[in-house]
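In: give the three-dimensional model of this entry:
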Amino acid sequence: MPTPNDFLVTLPVLVLLAWALLVLLADLWIPESKKNLTAVLTAVGLVFSLAVTVTQIGKTGSAFNGMIMLDGFSTTLSILFMISGLAAVALAVDYLKRNNAERGEYYTLLLFSIAGMMLMASAADLIIVFLALELLSIPLYVLAGFFRPNLASEEAALKYFLMGAFSSAFLLFGVAWVYGATGHTDFKGIIDLTAAGKANPILMLVGGGLILVGLGFKVGVFPFHGWVPDTYQGAPSSIGAFMTVATKAAGFAGLLRVFAQVFSAQSLATTDILWVLAAASMIYGNVTAIAQANVKRMLAYSSIANAGYILMAFVPFGGAVILQSLSSAVFYLMAYALTSFTVWAVMIAIEPAGSDGLTFEDFSGLAKKNPWLGGALLISMLSFTGLPLTMGFWGKFYLFKTAVDGGFNSLALIGLLTSLVSAYYYLRLVMFAWFKSGEPELQPGKWAGSVAIVMAAGVLLLSLFPNPLFQVCVNLMTVIR
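Out: Numbering: from 1, shown residues only. Coordinates of the predicted model:
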């Protein structure tokens, strides 16, 4: 039977799930012309759950016989997920109305997906990892095709669903191999048997490899990236922004949680594999992004490269730098979240109804037409590039430092060189917005512009205090063993 402690540990997730059902029921009585009330109700639920999560900062514990953990890692990632959800709600209000797609189920599905992401960050059992993956993914399959009968949106949903089904199968098959090696799916049982030398090492390696493939699909690292460009291009832009940040963060939450705890003893055997995946993702993502004319597809390939950067810090996960690995990855995810939402918000502010993405030329003259949006775009692109003293620079600095401290100088060098490559397509967008003449049409509504300005201000503000922010990440990164 569940205990009061079980409910206290999982309270933020339970609140969000209950609120999702409340939004679903309330939306039945909200008229079509006032669906913005559904968005407001959704935002209230996210703020309430966020407040509950904040009260858990510094606390540790477990629930449901150790299947779910409360620690600094889960709390930090949960806060990131809910802030991402609030940004996604704000971006959707005007955008859905513009595209005649104001349907309340959008917000309910978004809440269910966020709950799955929070559960992923708290998982202490491989079965919970799988359930969390399904809970966060299934709503996103629907949301990616939300603009039905738009063919691009339907294609995005279908490709995402098919690739997601494959990734889930790999993950579940990996769980089965680990269970065969240890007789356990809970992290503690697996760790204890591995430490005692009673786990079959070959079965553990195979299981770890399959789990890596399953979660690799979710974070979009090379060569498991096939769904990323088409899904980002065809999905509604508000969901594309959310997937760019939150889905990637959730995938890495599962990856970091599982490998930092369950497979730490196999770190030497998996280091070379992670090295190759990180290097290939950085090279392929940045080089391919150069050739893109569609900005959504450019951001998609950029996200593949950024997945490689984050994975780079995780290569030495079994050594003494594990705390630094977790902290640098979470720090970079924060920087990436703010920067990504900024550029997606700018794009949504000028994207006309029915568009499947803007080209670089569509941004021509943006800075002259709206200096605020032009400035926000400039800040985000400079941060993406990693220009010194921007938040993106500090994020990459800590990632590269982790790789160097772990003895992977060559990987850090690849990261540095590919960052220079990325400057071409990031600054190219700045060139069109600031130095090309044009007359971009600003779309009705001010929410997207407000999100862009707020997120850009966040990038600037946090760029001023990188070391204290990183130290906060270090202090929060308690992971229960």
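In: from the chain's centroid, how far away is stretch 282-289?
Out: 19 Å (C-alpha atoms, centre = their mean, to the nearest Å).
In: typed the wrong thing, it's stretch 83-98
Out: Remark: stretch 83-98 is offset 16 Å from the chain centroid, using C-alpha atoms, centre = their mean.
In: tell me where this protein has strands.
Out: Taking DSSP state E as the criterion, the chain carries its strands at 61-63, 68-70.
In: parallel or antiparallel, list what pairs with the first one.
Out: The strands beside strand 61-63 in its sheet (DSSP bridges) come out as strand 68-70 (antiparallel).
In: quick one, helices of the stretch 351-481 of the chain?
Out: Listed in chain order, the helices of the stretch 351-481 of the chain (DSSP state H, counting those that start in this stretch) span 366-369, 371-385, 391-405, 409-435, 447-463, 466-476.
In: which elements pack onto the first one?
Out: By that I understand helix 366-369. With contacts defined as 3 or more C-beta pairs under 8 Å, 6 or more residues apart in numbering; DSSP states H and E, the packing partners of helix 366-369 are helix 371-385, helix 409-435. Where C-beta positions appear, they are placed from N, C-alpha and C, glycine not excepted.
In: now the fifth one
Out: Using 3+ C-beta pairs under 8 Å, 6+ apart as the contact test, the elements touching helix 447-463 are helix 72-98, helix 322-350, helix 371-385, helix 391-405.
In: what residues sit buried inside the third one?
Out: Of the residues in helix 371-385, those scored as buried under the neighbour-count criterion (16 or more other C-beta atoms under 10 Å) are 373-385.
In: now swap in the longest one and tell me
Out: Taking 16+ other C-beta under 10 Å as the basis for neighbour counts, the residues of helix 322-350 that come out buried are 322, 324-350.
In: for the stretch 201-350 of the chain, give me the ranges with low pLDDT.
Out: 265-268, 317-321 (pLDDT under 70).
In: just the helices in it please.
Out: Using DSSP H, counting those that start in this stretch, helices in the stretch 201-350 of the chain cover 201-219, 228-234, 237-242, 248-261, 267-290, 295-314, 322-350.
In: what angle sits between the longest helix along the chain and helix 248-261?
Out: The longest helix of the chain (DSSP state H) is helix 151-182. Taking axes from the mean of the first three to the mean of the last three C-alpha atoms, to 10 degrees, one finds helix 151-182 and helix 248-261 inclined to each other by 10 degrees.
In: from Leu24, how far off is Leu274?
Out: Distance, Leu274 to Leu24, by C-beta to C-beta, to the nearest Å: 40 Å.
In: so which of those two has more stuff around it?
Out: Shown here are Leu274 and Leu24; by other C-beta atoms under 10 Å, Leu274 has more neighbours (22 against 17).
In: isn't that one right up against Val315?
Out: Yes: between Leu274 and Val315 there is a contact at 4.7 Å, judged by C-beta atoms under 8 Å.
In: show me what contacts the residue lying closest to Val219 once chain neighbours are set aside?
Out: In this structure, Val219 finds its nearest non-sequential neighbour in Gly251, 3.6 Å apart by C-beta to C-beta, 6 or more residues apart in numbering. Shown in contact with Gly251 (C-beta atoms under 8 Å, 6 or more residues apart in numbering): 215, 218-220.
In: rerun at 6 Å
Out: By C-beta atoms under 6 Å, 6 or more residues apart in numbering, the residues touching Gly251 are 215, 218-219.
In: and if you look at Gly116?
Out: 132, 135-136.
In: name the helices or strands packed onto the longest helix of the chain?
Out: helix 126-144, helix 201-219, helix 228-234 (3 or more C-beta pairs under 6 Å, 6 or more residues apart in numbering; DSSP states H and E).
In: list the buried residues in it.
Out: If you call a residue buried by 16+ other C-beta under 10 Å, then helix 151-182 has these buried ones: 152-161, 163-164, 166-168, 170-172, 174-175, 177-179, 181-182.
In: okay, angle between it and helix 201-219 too, please.
Out: Computed by the same axes, to 10 degrees, the angle separating helix 151-182 from helix 201-219 equals 160 degrees.
In: quick one: average confidence on helix 151-182?
Out: For helix 151-182, mean pLDDT is 85.
In: circling back to that earlier point, adding distance to Met120, write the helices and strands packed on helix 447-463 out as TSV.
Out: Shown next, in TSV, are these (distance: least, C-beta to C-beta, whole Å):
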stretch	distance to Met120
helix 72-98	8
helix 322-350	13
helix 371-385	26
helix 391-405	22
